[in-house]
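Student: Give me the fold of what follows.
(chains A, B, C and D)
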Number of protein chains: 4
Amino acid sequence: MTQLGLIGLGKMGSSMRDRLRAAGHEVVGYDRDADLSDTGSPAELVARLDSPRTVWVMVPHGEPTKQTVAELAELLDEGDLVIEGGNSHFDEDKVNADLLGARGIGYLDVGVSGGVWGRDYGYALMVGGQADDVRRAMPLFDALRPEGPREESVVHAGSVGAGHFAKMVHNGVEYGLMQAYAEGFELLAASEEISDVAGVLTAWSRGTVVRSWLLDLLVRAVSDDPDMGDIQGYVEDSGEGRWSVEQAVRHAVPAPVITAALYARFGSRQDDSPAMKAVAALRNQFGGHAVARSSHEVTSDASTPPSAD
Amino acid sequence: MTQLGLIGLGKMGSSMRDRLRAAGHEVVGYDRDADLSDTGSPAELVARLDSPRTVWVMVPHGEPTKQTVAELAELLDEGDLVIEGGNSHFDEDKVNADLLGARGIGYLDVGVSGGVWGRDYGYALMVGGQADDVRRAMPLFDALRPEGPREESVVHAGSVGAGHFAKMVHNGVEYGLMQAYAEGFELLAASEEISDVAGVLTAWSRGTVVRSWLLDLLVRAVSDDPDMGDIQGYVEDSGEGRWSVEQAVRHAVPAPVITAALYARFGSRQDDSPAMKAVAALRNQFGGHAVARSSHEVTSDASTPPSAD
Amino acid sequence: MTQLGLIGLGKMGSSMRDRLRAAGHEVVGYDRDADLSDTGSPAELVARLDSPRTVWVMVPHGEPTKQTVAELAELLDEGDLVIEGGNSHFDEDKVNADLLGARGIGYLDVGVSGGVWGRDYGYALMVGGQADDVRRAMPLFDALRPEGPREESVVHAGSVGAGHFAKMVHNGVEYGLMQAYAEGFELLAASEEISDVAGVLTAWSRGTVVRSWLLDLLVRAVSDDPDMGDIQGYVEDSGEGRWSVEQAVRHAVPAPVITAALYARFGSRQDDSPAMKAVAALRNQFGGHAVARSSHEVTSDASTPPSAD
Amino acid sequence: MTQLGLIGLGKMGSSMRDRLRAAGHEVVGYDRDADLSDTGSPAELVARLDSPRTVWVMVPHGEPTKQTVAELAELLDEGDLVIEGGNSHFDEDKVNADLLGARGIGYLDVGVSGGVWGRDYGYALMVGGQADDVRRAMPLFDALRPEGPREESVVHAGSVGAGHFAKMVHNGVEYGLMQAYAEGFELLAASEEISDVAGVLTAWSRGTVVRSWLLDLLVRAVSDDPDMGDIQGYVEDSGEGRWSVEQAVRHAVPAPVITAALYARFGSRQDDSPAMKAVAALRNQFGGHAVARSSHEVTSDASTPPSAD
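Tutor: The predicted structure follows:
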């Protein structure tokens, strides 16, 4: 069995700790929240591990990950291994790997997918880094991944950064998939033909070309609340959707679907759209100066064609 | 000088009457509104014209235009000419032309652009129909169009329907142009770099590649109300944008810009988006059952990476 | 067991016949191809069925379906039932139902999903029509659908047309899903980070949020041909994607993802894009008259900024 | 009259030199190409200017601009002013301004629009930097801009970077406008209704809502070559379109039209689309293994509905 330090015991980290322990691995966890933590500090965590050590980092991307990696660079020794399992940008992985590599510490970046369901069903893992580091961490990956052939949930995608790049694209695809189902839902709901929208979605669950785990989740949602009256159409984006579009632009890859899904999220968060104010203002200009500014529409009767183009 | 019957004296029709009369033509107008009308009925209008007659129809598209054409088919004689200048769908032109043609009455469809500004500056005219009918109506077109070479504002675009097809595409393009400026406006307004958005738009008026009449109108709008605080971002669509997309789909022409402009208008009119409710619901499913349905976002601290993908 | 007439024994029809017979139903098939057919004519097929008869139509949409329904209107009797299982537009269903209903013949429209895999795994069925007709046909639906709860693959979606409307939206969603995966594939392939694109896609098969049957198919494709060197990026569309966009436009539903997927297919079939010729011509105009028409690019060296905006 | 050093005498730089000289200003130019250059080196250029000096940089963005600014930081003195008039990213302006500011040298970033037409008609100028530097350079701006009110072609858009930010958005808008016209052109060309596409575009020149300078250029292009047979539908992008999309993503501004225009350019440069290969491969998988890989389409006759969804 493998011994592992795990920093970050939030929803993901603590679920992963559970799954690793259930597979027989020894996990020493640290979290700023003492109620969740097995140790009092990262230094104590490092002290409790035998060399060569492996420490998995599972804190938010950006500054928290940067600080944790910097701290580990001080605490760990040559031959140790850091695994960054959060949602870091792949460019940051290269910085992390260089910092640690200068001290002889290995680095793997791992994109982890599976959400809150992963604890029971397992996580898919996209890994970037050197082959010998990947081999060394494989027992951990095997514990975390779902049952079935390893290659269906674990991939060594390339050198440092490749794991998070693959996870970024995964999330970009996810945005597109979700938006596709969502447009289908709206179209079904808008039509006078369909009397049972939830029933239609449910009947797509088996046998159809569109069956998927996301569809299963959508069916769960509409089963509870068929017209989604309790849900606001307000959607955050988590960073990786934006990065996917940035990479599409950088590589000159047309990505209209992923981008449309991201923009739909942006739009969902606007109370009023500055762009559409500008369009309304333009139509107002066509319609003549006397038209009220809060609504540009000119009422028309049967003998009055619209004056605007 | 030419004599003309004109049915429909709304904003467009009455402005066109003014411009035609100013050019010396005799215009006999009819409108359901007796205050605007020169005659008591279409029949009286027809009776006041010398053969061969020309009657210009300027009523809303759809049922009003259909009824007016049907009435004229009864009232007019062989050798007369009907000009349909409203925003009819080009498929309806073919029906109209067949109905009138069976009685020996000619038919032209004319797309008219220029809005409320046309009375003083002139209208552009896109014409569909037979060449001899176009020749016969040309004095009227010359009176309505702006100064300058005729070909810069009048075109015989093809046979029946071509005028309204060209006007439909014109409006589709217009949707795209307006949305392009509107996105630029929003991007300028969103940036911390730009301290004078209205000034930037104004400075695009001369010399730039993006200068246009639409830009001039936008500058007018932001001059009155720089942050468009009085304007709602709510935009109607008039039919021709939709038809443009339908024709793009029919002809397998990728039209992402025109379509995005149309969809932005659709979105501007939604209080809440059913599609984005569905996306929010999906993210809620990732985030675990305990999350409040009215907001799916899980608060996270430095040791809690987002649980959702 | 139920007795059924089945007209159209192409790939779908003959697979359905197999599946129905395997479930113990009696199927009398007719096809224009005598090698496939059980009977010499539709009339003979009708004659071989006991009253009240059920005849399933499985021929291409448009004219072939229209002719078949018209023929059945002549051959069948009051109390019989026609099931249209092809890809008809839902507007045609209403015409079909009226034609048959005038003679007392029932009508169900059924959207069938499952492709060539349906014979072994079962088909999902979206049904429009009257409840008693649906009940009557349920033994057939139960034979055709996959194992598992009935509601996960069969739905009575609404009155006549609802089945094909639901199938149309299903296909629209499918377009969006396929394009989302495809953009992800291209982005992975374009990056220098990813050394094993096929491996990444395969590792999405279990545990991830994007796992689906479509992904399984994509994994099969890249397993055979990792860089898809044998495949042309040329994609047809089958009608239902177009109809989905038309309905989105009709119902003012913003559907950017489904539409982008459709337009990507349009674009994939163009040798050269007229729109992009126009854009190139515009840039050429910026670049000055002397620039060669076949390529607008101005070569630039370190002291020559691009002259075009 | 003002004295000015001008580095970079390519198409833009030399046209600006002409226009400045025609207005009576003294311009000392330098270019790597000795045939164009007034001086042998930047150092000689600086030596020929009286203090306080103004040097306008007009070389390609990126490394050439960076090197030129670094060289000027060495050559110039406190109180001098550098104007960067190329297409730099606004983030680079801040680096340039800091570098020069540390030595007491002022910095303005100026977005210049007008293309090859600017020499005769004048350039629009979007300026970022400090107000006193803007005032100092105003005689130069007045010489470069078109006739008419100053505010219609010159704006002090904000602090350092604002000029290039405004020019970036200008170009993003320009992409959208060009694509809108281009889609309209393709739609007109695709229809059987329109017999005179060039005539229709020409007739939009006056009076219509879509009239613009870009339309005038399109009319020039179709007048020479109505079906654009000599033009390839291959379109480069110059950087600022990409940056516009990046900024839209950064500021969560939905920019579907600008982005669609950029992606259309990306697509125009692909011989074959990897994404569409993936879609074709997916459809191939639906269609069964026996289908030829180079074309997925299954031939169908009247009794064979498509097997794929």
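Student: Quick check: which element contains the closest residue to residue A:87 other than its chain neighbours?
Tutor: Counting by Cβ to Cβ, 6 or more residues apart in numbering or on different chains, residue A:87 lies nearest to residue A:61, which is 4.6 Å off, once chain neighbours are set aside. To be clear about C-beta, it is placed using only N, CA and C from the backbone, and glycine gets the same treatment. Using DSSP states H and E, residue A:61 maps to neither a helix nor a strand.
Student: got it, and the one 3 residues further on?
Tutor: When secondary structure is defined by DSSP H and E, residue A:64 falls within helix A:63-75.
Student: With residue A:44 instead?
Tutor: helix A:42-47.
Student: try residue A:55
Tutor: strand A:54-57.
Student: what about that strand, average pLDDT?
Tutor: Averaged across strand A:54-57, the pLDDT comes to 98.
Student: Check stretch A:170-184 too.
Tutor: 98.
Student: now swap in stretch A:265-272 and tell me
Tutor: 95.
Student: Could you list the low-pLDDT ranges of chain A?
Tutor: Within chain A, the stretches with pLDDT under 70 are A:287-309.
Student: strand partners of the lengthiest strand in chain A, parallel vs antiparallel please.
Tutor: Across chain A, the longest stretch assigned as strand under DSSP state E is strand A:106-113. The strands that strand A:106-113 pairs with in its sheet are strand A:81-84 (parallel), strand A:124-128 (antiparallel) (by DSSP bridges).
Student: following that strand, which helix or strand comes up?
Tutor: With DSSP H and E, the next secondary element past strand A:106-113 is helix A:118-121.
Student: And chain B, is that following helix touching that?
Tutor: No. Judged by Cβ under 8 Å from any Cβ of the partner chain, helix A:118-121 stays clear of chain B, getting no closer than 9.0 Å.
Student: elements contacting that helix?
Tutor: helix A:11-22 (3 or more Cβ pairs under 8 Å, 6 or more residues apart in numbering or on different chains; DSSP states H and E).
Student: For whichever helix or strand comes after the helix it packs on, buried residues please.
Tutor: On the C-terminal side of helix A:11-22, the closest following helix or strand by DSSP H and E is strand A:26-30. Neighbour counts over strand A:26-30 (16 or more other Cβ atoms under 10 Å in any protein chain shown) mark A:27, A:28, A:29, A:30 as buried.
Student: And for the residue of the stretch 1-150 of chain A found nearest chain D, the neighbour number?
Tutor: Nearest residue of the stretch 1-150 of chain A to chain D: residue A:89, at 13.4 Å (Cβ to the nearest Cβ). Residue A:89 sits with 19 neighbouring residues when counted by other Cβ atoms under 10 Å in any protein chain shown.
Student: and the residue nearest to it when sequence neighbours are not counted, what does it touch?
Tutor: Nearest non-adjacent residue to residue A:89, counting by Cβ to Cβ, 6+ apart: residue A:243, 6.1 Å away. Residue A:243 sits next to A:89, A:168, A:172 when contact means Cβ atoms under 8 Å, 6 or more residues apart in numbering or on different chains.
Student: Rebuild these as a markdown table, extending it with secondary structure.
Tutor: As requested, these are exported to a markdown table (DSSP: H, G, I helix; E, B strand; the rest coil):
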| residue | secondary structure |
| --- | --- |
| A:89 | coil |
| A:168 | helix |
| A:172 | helix |
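Student: any idea which of those residues is closest to residue D:156?
Tutor: residue A:89 (35.5 Å; Cβ to Cβ).
Student: Now do the phi/psi pair for the closest one.
Tutor: Per-residue torsions, residue A:89: phi -70, psi 140 (degrees, to the nearest 10).
Student: Enumerate the positions of stretch A:40-50 that are buried.
Tutor: Buried residues in stretch A:40-50 (16+ other Cβ under 10 Å): A:42, A:45, A:46, A:49.
Student: Excluding chain neighbours, what is closest to the third one?
Tutor: Pointing back at residue A:46 there. That would be residue A:75: by Cβ to Cβ, 6+ apart, it lies 4.5 Å from residue A:46.
Student: How about the residues of the stretch 151-300 of chain A by chain D?
Tutor: Residues of the stretch 151-300 of chain A lying near chain D (Cβ under 8 Å from any Cβ): A:208-209, A:237, A:242, A:245-246, A:249-250, A:252-256, A:259-260, A:262-264, A:266-267, A:269-270, A:273, A:275, A:286.
Student: how about a cut-off of 7 Å?
Tutor: A:209, A:242, A:245-246, A:249, A:252-254, A:256, A:259-260, A:263, A:266-267, A:286 (Cβ under 7 Å from any Cβ of the partner chain).
Student: contacting residues around residue A:249?
Tutor: Applying Cβ atoms under 7 Å, 6 or more residues apart in numbering or on different chains, one finds that residue A:249 lies in contact with D:242, D:245, D:246.
Student: which of those residues tops the neighbour count?
Tutor: residue D:245 (25 neighbours).
Student: Hmm, residue D:259 and that one touching each other?
Tutor: Yes. Counting by Cβ atoms under 7 Å, residue D:245 does reach residue D:259; the two are 5.2 Å apart.
Student: Tell me where chain A has helices.
Tutor: Assigned by DSSP state H, the helices in chain A fall at A:11-22, A:42-47, A:63-75, A:90-101, A:118-121, A:131-144, A:162-190, A:197-203, A:213-224, A:240-250, A:256-268, A:274-287.
Student: okay, those helices in CSV with distance to residue B:8 next?
Tutor: Compiled in CSV, the helices of chain A are given as follows (distance: least, Cβ to Cβ, whole Å):
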stretch, distance to residue B:8
helix A:11-22, 65
helix A:42-47, 80
helix A:63-75, 66
helix A:90-101, 63
helix A:118-121, 66
helix A:131-144, 72
helix A:162-190, 33
helix A:197-203, 42
helix A:213-224, 48
helix A:240-250, 48
helix A:256-268, 38
helix A:274-287, 18
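Student: for chain C, what are the nearby residues on the stretch 201-309 of chain A?
Tutor: A:202-214, A:244, A:247-248, A:251, A:253, A:255-258, A:260-261, A:264.
Student: go on, the stretch 1-150 of chain A?
Tutor: Within the stretch 1-150 of chain A, the positions near chain C by Cβ under 7 Å from any Cβ are A:90, A:113-115, A:118, A:121-124, A:126, A:145-146, A:148.
Student: ok so, going back, let me know the closest of the buried residues of strand A:26-30 to chain C.
Tutor: Distances from chain C to these, taken by Cβ to the nearest Cβ, are shortest for residue A:27, at 19.5 Å.
Student: and that closest one, what does it touch?
Tutor: Contacts of residue A:27 (Cβ under 7 Å, 6+ apart): A:4, A:6, A:17, A:20, A:21.
Student: Which members of those are classed as buried?
Tutor: Here, 16+ other Cβ under 10 Å leaves A:4, A:6, A:17, A:20 buried among the contacts of residue A:27.
Student: Please report the distance of the second one from chain C.
Tutor: Separation of residue A:6 from chain C (Cβ to the nearest Cβ, to the nearest Å): 19 Å.
Student: again with residue A:18
Tutor: 16 Å.
Student: ok, and the closest non-adjacent residue to that residue?
Tutor: Spatial nearest neighbour of residue A:18, excluding adjacent residues (Cβ to Cβ, 6+ apart): residue A:119 at 5.6 Å.
Student: burial of the one you found, as a residue count?
Tutor: By other Cβ under 10 Å, the burial measure for residue A:119, its neighbour count, is 19.
Student: Distance of it relative to chain B?
Tutor: 10 Å.
Student: That residue touches residue A:17, doesn't it?
Tutor: No. With contact defined as Cβ under 7 Å, residue A:119 does not count as touching residue A:17 (9.4 Å).
Student: tell me the domain boundaries of chain A?
Tutor: A:3-159, A:168-269 (the TED database).
Student: Columns distance to residue B:185 on top of these, output as JSON lines?
Tutor: Conversion of the domains of chain A to JSON lines gives the following (distance: least, Cβ to Cβ, whole Å):
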{"stretch": "domain A:3-159", "distance to residue B:185": "30"}
{"stretch": "domain A:168-269", "distance to residue B:185": "16"}
